[in-house]
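> Generate coordinates for the sequence data below:
(2 chains)
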Amino acid sequence: MLAAPLFWLTVTLGVFELFDTASKRSGRHPLCHPVLWSTPALIGLLLVTGTPYAAYKAATMPLSFLLGPAVVGLAVPIWAERARIRRLAAPIALALGAGAVTSIVSAVGILSLFGAPREILASIAPRATTNPVAMSVAGQLGGIPALAAVIVMFAGVSGAMTATPMLNALGIRDYRARGFAVGVTAHGIGAARAFQVNATAGALASLGMALNAVVTASLLSIVALLV
Amino acid sequence: MLHSIFLLLACQLAGEAVHRLTGLALPGTVIGMILLVGWLAAFRAERPALVAVTGWLTAHLAIMFVPACVGLIDEGALMARYGIGLIVATAASMALTLAVTALVFRWALVRFVPEDGTETGAKPESIAA
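I've put the predicted structure just below:
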């Protein structure tokens, strides 16, 4: 029974649901993000039952498959925000370019100081993008998609938790600048947090996430051609 | 509803095809996203079903990458060796990116978008600097 796809799919949904309920009770605190708790719980279950990851991965394919259409669907918020994109074209383009380059260069630069090999550097390079994009970009660059997924989660949770005090310390009061910066650096988890603070910040954060997925992936695909 | 799902899959498929044929490292899904923006621009219509389907997908994005995160089970040795470096690099990169993006956005807002501060409810920024 443990080998049937239905089993692990059901267990994954059940475990996630459990931690999602806990997350709701916490008022969606970033540290209670359900992925943060479902992942170790499921790893524990795989170890206890002696299930190889390949079998689990095959069983949960229906979930992973949905990531593709979900990324394509990011076109909808981009299109819906076109009037705002046109009006704020200069701030959006400049901040996006500066943010994407800063993210890639600082993450890869600092990690290389620790002597990390190329597959690890490739896994951290797309760390500011939304998870499915980070996983496929990391894979393209010869990185490890699972590692990219965990790095992206960590970036999102830490970003969502520290963005408000950091932006206050920098004296950034405009909710458009605040939201956009959070979306560019902390993707969906940051955007969820931004929506809790302010609707404008949330809309700009979603936009920052969607646009950064395109910009970071494009920059890294150019890098891939050069190295 | 069905049409919206078809549209998403068709854009993804076309993106995947472009990805394979051109050898671009840009993922097929991201190319598909760009294609869908183009489609929405070319064929303008109210699309409540597409908004509903993509809204549902985005709202449930988190559970979709749980299986990938569980893949960490096979990366124990790497995490033990580079875990500290990964945490330091990710946290520092996150903080730097947040600061740079917000500061550039604010500077460009003041510099290039004159009619400012209307939709935020925030106090207008001082332009003295």
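> Which secondary structure elements does the lengthiest helix in chain A sit against?
The longest helix of chain A (DSSP state H) is helix A:199-226. Using 3 or more C-beta pairs under 8 Å, 6 or more residues apart in numbering or on different chains; DSSP states H and E, the elements in contact with helix A:199-226 are helix A:75-80, helix A:82-87, helix A:89-113, helix A:131-140, helix A:175-197, helix B:28-42. For glycine as for every other residue, the C-beta is placed from the backbone atoms N, C-alpha and C.
> what's the domain layout of chain B?
B:1-64, B:73-129 (automatic domain parsing).
> measure the first one end to end?
End-to-end span of domain B:1-64 (C-alpha to C-alpha, to the nearest Å): 21 Å.
> per-residue pLDDT, residue 61?
In the absence of a named chain, chain A is used. In this model, residue A:61 is scored at 93, pLDDT.
> think we crossed wires, I meant chain B
On the pLDDT scale, residue B:61 is placed at 85.
> just checking, it touches residue A:70?
Yes - with contact defined as C-beta atoms under 8 Å, residue B:61 and residue A:70 form a contacting pair (5.5 Å).
> Show me where chain A dips below the pLDDT cut-off.
Counting by pLDDT under 70, chain A contains low-confidence ranges at A:1-3.
> Apply 80 and report the result again.
For chain A, applying pLDDT under 80 flags the ranges A:1-4, A:227.
> same thing with chain B?
Within chain B, the stretches with pLDDT under 80 are B:25, B:114-129.
> please redo it, this time with the cut-off set to 90
B:1, B:23-27, B:58-62, B:65, B:68-69, B:71-72, B:74-80, B:113-129 (pLDDT under 90).
> residues near residue A:62, how many?
Using other C-beta atoms under 10 Å in any protein chain shown, residue A:62 has 12 neighbouring residues.
> which of residue B:61 and residue A:70 has more neighbours?
Between residue B:61 and residue A:70, counted using other C-beta under 10 Å, the more crowded position is residue A:70 (26 against 21).
> so, in contact with chain B or not, the strand or helix carrying that one?
Following DSSP states H and E, one finds residue A:70 within helix A:67-72. Yes - contact of helix A:67-72 with chain B (C-beta under 8 Å from any C-beta of the partner chain) involves A:67, A:68, A:69, A:70, A:71, A:72.
> swap in stretch A:126-137?
Yes - using C-beta under 8 Å from any C-beta, we find that stretch A:126-137 touches chain B at A:127, A:128, A:130, A:131, A:132, A:133, A:135, A:136, A:137.
> Next, format those as a markdown table and append neighbour count.
A markdown table is the format used below for the residues of stretch A:126-137 next to chain B (neighbours: other C-beta atoms under 10 Å in any protein chain shown):
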| residue | neighbour count |
| --- | --- |
| A:127 | 32 |
| A:128 | 36 |
| A:130 | 27 |
| A:131 | 30 |
| A:132 | 26 |
| A:133 | 30 |
| A:135 | 28 |
| A:136 | 25 |
| A:137 | 30 |
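> Which two of those residues have the greatest separation?
A:128 and A:136 (14.7 Å; C-beta to C-beta).
> So residue A:212 is in contact with residue A:126, correct?
No - Residue A:212 lies out of contact with residue A:126 (C-beta under 8 Å); the separation is 9.7 Å.
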